[in-house]
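Undergrad: just coords:
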Ligand SMILES: O=c1[nH]c(=O)c2nn[nH]c2[nH]1
């Protein structure tokens, strides 16, 4: 037997950083959860119990805090690249670093119509994510993403014309609720290294804003014939908006809301065009996935 693949490190490293503007008194906060996993000539730590090749996961955790102090933590694409580059440049036997950053939302409060200088609230479980792989001599591959953006529309969604056979009970529908929990990502062309990432810094926030706006605008405005078609349109619009992106992917649960037939009670009409009260379903749920590439 031999080691086919191995990587190790520290997961769930929670990091908070505040930026204080002395002139204006405005403070800005960032909170993220970081995972760093290392690859390289580490087999003997598995096969021989030889720990001489192990950068302790505790040291990896320490390094994350030190780099967060020494460097910008935003955009997350930059901080992930700084972190990964540190590990492959510091340890000769480490050949790749896998860095995942989940950025949580601290949205600045608006108090009496004005942005508050140092108060924030968590507006949703939505996160801005980055998965980066930094490989010695092979550059930096980054996938940026949005996770946990929960959306619903009360109409403007249809689903009909699907296969009807002896397994089918689903009625065709021309007006339905559509709700999903957005998990989408966009993969950047490989960066040659940290300097190339630094040269692209303004592109990362713009791409995230574009992807988020496109997702919500397309979701809201499309009279959707299916999740499949609407998510494909989101992908193509993001590709058009961000030239440096090679592929865009979505994984969307279809979070069903079932009509409740109440006709048994005094003939209440609550189905079809009369439906107003629905039963939101925890499961089962549809799950629709796509990755779109430049043709
Ligand atoms: O948008 C949808 N796509 C599907 O594939 C599907 N299947 N059942 N309901 C559905 N809705």
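TA: Arrived safely. These figures come from a predicted structure and were not determined experimentally. Numbering: from 1, shown residues only.

Undergrad: how about the helices in this protein?
TA: Per DSSP state H, the chain has helices spanning 43-47, 57-70, 76-90, 194-199, 201-221, 227-241. These are given in chain order.

Undergrad: deepest of these, which one?
TA: Neighbour counts averaged per stretch over the helices of the chain are highest for helix 76-90, at a mean of 22; criterion: mean count of other CB atoms under 10 Å. For glycine as for every other residue, the C-beta is placed from the backbone atoms N, C-alpha and C.

Undergrad: quick one: average pLDDT of it?
TA: If you average the pLDDT over helix 76-90, you get 98.

Undergrad: kindly report the residues of the stretch 151-295 of the chain close to the ligand.
TA: With CB under 6 Å from any ligand atom as the criterion, the stretch 151-295 of the chain comes near the ligand at residues 159, 170, 226-228, 254, 286, 288.

Undergrad: most neighbours among the residues you listed, which one?
TA: Within those, neighbour counts (other CB atoms under 10 Å) peak at residue 227, which reaches 21 neighbours.

Undergrad: find the residue closest to residue 193 in space, skipping its chain neighbours.
TA: Leaving aside its sequence neighbours, residue 193 sits nearest to residue 139 (CB to CB, 6 or more residues apart in numbering; 5.9 Å).

Undergrad: that neighbour contacts residue 190, correct?
TA: Yes: counting by CB atoms under 8 Å, residue 139 does reach residue 190; the two are 4.7 Å apart.

Undergrad: the residue nearest to residue 193: what's it in contact with?
TA: Residue 139 makes contact with 190-193, 196, according to CB atoms under 8 Å, 6 or more residues apart in numbering.

Undergrad: tell me the bridge partners for it.
TA: Taking DSSP bridges as the rule, residue 139 bridges to residue 135.

Undergrad: now do it against the ligand, distance only.
TA: Look at residue 139 and the ligand: by CB to the nearest ligand atom, to the nearest Å, they are 38 Å apart.

Undergrad: got CSV for the residues of the stretch 151-295 of the chain next to the ligand, with pLDDT and distance to residue 40 too?
TA: Converted to CSV, those look like this (pLDDT from 0 to 100; distance: CB to CB, whole Å):
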residue, pLDDT, distance to residue 40
159, 98, 49
170, 98, 51
226, 98, 45
227, 98, 41
228, 98, 41
254, 98, 42
286, 98, 41
288, 98, 38
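
Undergrad: between those residues, which is nearest residue 62?
TA: residue 288 (41.8 Å; CB to CB).

Undergrad: show me the contacts for residue 76.
TA: Contact partners of residue 76, counting by CB under 8 Å, 6+ apart, are 32, 101, 103, 128-130, 144, 204.

Undergrad: let's see 10 Å
TA: Listed by CB atoms under 10 Å, 6 or more residues apart in numbering, the contact partners of residue 76 are 30, 32, 34, 99-103, 127-130, 132, 142, 144, 204-205, 208.

Undergrad: closest to residue 123 among the contacts of residue 139?
TA: Nearest to residue 123 among those, counting by CB to CB, is residue 191 at 31.2 Å.

Undergrad: beta-bridge partners for that closest one, please?
TA: In this structure, residue 191 bridges to residue 140 when assessed by DSSP bridges.

Undergrad: so what's it up against?
TA: Contact analysis of residue 191 by CB under 10 Å, 6+ apart lists 77, 81, 132, 134, 139-142, 197-200, 244.

Undergrad: per-residue confidence at residue 295?
TA: Looking at residue 295, its pLDDT reads 84.

Undergrad: burial count for it?
TA: The tally of other residues near residue 295 (other CB under 10 Å) stands at 5.

Undergrad: isn't residue 251 right up against residue 184?
TA: Yes: with contact defined as CB atoms under 10 Å, residue 251 reaches residue 184; the gap is 7.6 Å.

Undergrad: higher neighbour count, the two?
TA: Shown here are residue 251 and residue 184; by other CB under 10 Å, residue 184 has more neighbours (24 against 18).

Undergrad: beta partners of the closest residue to the more buried one other than its chain neighbours?
TA: Across the structure, with CB to CB, 6+ apart as the measure, the residue nearest residue 184 apart from its sequence neighbours is residue 250 (4.5 Å). Under the criterion DSSP bridges, residue 250 forms beta bridges with residue 184, residue 290.
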